[in-house]
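*Asks:* Just the structure for this:
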Amino acid sequence: MLFVLHMITALFMALAMMFGALMPALANDDQSDDATIIMYHRFGESNLPSTNIQLDVFDAHLQTIRDEGWVVLPLADIVSRLKSGVPLPDKAMAITVDDAFSSVYTEAFPRLQEYGYPFTLFIATSSIDRGLNGYASWDQIREMQAAGVEIGSQTHTHPHMHRLTAEAVRVEIEASHAIFQQELGITPRYFAYPYGEYSPETRDIIKDMGFEAAFGQASGIAHASIDAFEWPRFAFNESYGDVKRLKLAIEAKALPISDMTGGDMVLDSNPPFLGFTVAEGIEPLSRLICFASGMGRVEVVQLGRRVEVRLPEAFSNYRNRINCTMPVVENGKDTGRFRWYSRQFVRD
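*Replies:* Numbers count the residues shown, from 1 in each chain. Alright, predicted model coming up:
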């Protein structure tokens, strides 16, 4: 009897998530060709502020999403629409959580169920398999899965993937796939790079191993002009987690580009020389500005629609970003929204 009640409850919650995501979309006539993906790690674990969101702030996020009428969709829906060219609702978003710390089950899961918001949980299987303190258990993950939570892969041991050989990357994925099949009966469709780090070689292996899309941790908007195995996510924590930043992220638009040069994450020269071409019709290009970690606003040289970002000095931190933004202007007036493009770099 308890098993039957559990399954009925899980089905009810899954339907609540589905209809909670669907109803705002039906009420929103505006269409878009991009979406914002946000990510969290820990919830209410203030002893680890760099990966934690305070519970009152997370509550404010969820209430703001509802109050603003933003459209929370399953990650699978966003991936499918972006890859097929099917329009999305304006201000569409997906919620993701990395690492499966225990607070995703005890704190985030019940809150997201209450609001009917779907989310994707990315898991590195080793920590769960070993029953490490501070992580959710397989039983808890199965409960979330039964309630409609999408499970994605984050390798087996959560390594810095760009430091691995090609064979070691494949071993990581094969090991995690075997455990996912054993414990959850699935092979994940989506992948999140540990620490948001990857090389072109790593990215290509992830493509070859059957995933449908992969996600980093560079701030930015998912769009078909970006490789589906490099889609960005806005990370939220105690330092970068207030509602003002959430609004900026969800209301942002993609900055469609092509012909990028110098954007490989793992630096072979420092500073990098980043260049790209902005798509036709994206204006006002004259108001595009770029910022670099530790340097603030940096020089941008425009040659027609070609943009070159020139840094005054080398990056000094291990992990760094270049963010480029420009206002969204409609009928000659600023809308208060911004187009956003970001690249992450690591010094090894």
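
*Asks:* so what's Phe122 up against?
*Replies:* Contacts here follow C-beta atoms under 8 Å, 6 or more residues apart in numbering; on that basis Phe122 touches 96-100, 151-154, 190-192, 215. Yep, even glycine has a C-beta here, placed from its N, CA and C like the rest.

*Asks:* switch the cut-off to 6 Å
*Replies:* Residues counted as contacts of Phe122 (C-beta atoms under 6 Å, 6 or more residues apart in numbering) are Asp98, Gly152, Gln154, Ala192.

*Asks:* so where is the stretch 101-250 of the chain shaky, pLDDT-wise?
*Replies:* Scanning the stretch 101-250 of the chain for pLDDT under 70 picks out no residues.

*Asks:* Spell out the residue ranges of the helices in it.
*Replies:* 102-103, 109-115, 125-129, 138-146, 166-184, 200-208, 243-250 (DSSP state H, counting those that start in this stretch).

*Asks:* Run through the neighbouring helices and strands of the third one.
*Replies:* Here helix 125-129 is seen to pack against helix 166-184 when contacts are counted using 3 or more C-beta pairs under 6 Å, 6 or more residues apart in numbering; DSSP states H and E.

*Asks:* List of residues touching the helix it packs on?
*Replies:* 125, 129, 138, 145, 153, 155-156, 186-188, 202, 205, 209.

*Asks:* how distant is that helix from the center of its chain?
*Replies:* Relative to the chain's own centre, helix 166-184 is displaced by 22 Å; criterion: C-alpha atoms, centre = their mean, to the nearest Å.

*Asks:* ditto for stretch 50-65
*Replies:* 16 Å.

*Asks:* want to throw the helices of the stretch 101-250 of the chain into JSON lines with mean neighbour count and distance to Gln31?
*Replies:* Conversion of these to JSON lines gives the following (neighbours: other C-beta atoms under 10 Å; distance: least, C-beta to C-beta, whole Å):
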{"stretch": "helix 102-103", "mean neighbour count": "20", "distance to Gln31": "36"}
{"stretch": "helix 109-115", "mean neighbour count": "17", "distance to Gln31": "24"}
{"stretch": "helix 125-129", "mean neighbour count": "20", "distance to Gln31": "38"}
{"stretch": "helix 138-146", "mean neighbour count": "18", "distance to Gln31": "31"}
{"stretch": "helix 166-184", "mean neighbour count": "16", "distance to Gln31": "35"}
{"stretch": "helix 200-208", "mean neighbour count": "17", "distance to Gln31": "28"}
{"stretch": "helix 243-250", "mean neighbour count": "18", "distance to Gln31": "16"}
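
*Asks:* a markdown table for these, including distance to Phe234?
*Replies:* Putting the helices of the stretch 101-250 of the chain into a markdown table (distance: least, C-beta to C-beta, whole Å) gives the following:
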| stretch | distance to Phe234 |
| --- | --- |
| helix 102-103 | 19 |
| helix 109-115 | 17 |
| helix 125-129 | 24 |
| helix 138-146 | 22 |
| helix 166-184 | 25 |
| helix 200-208 | 20 |
| helix 243-250 | 4 |
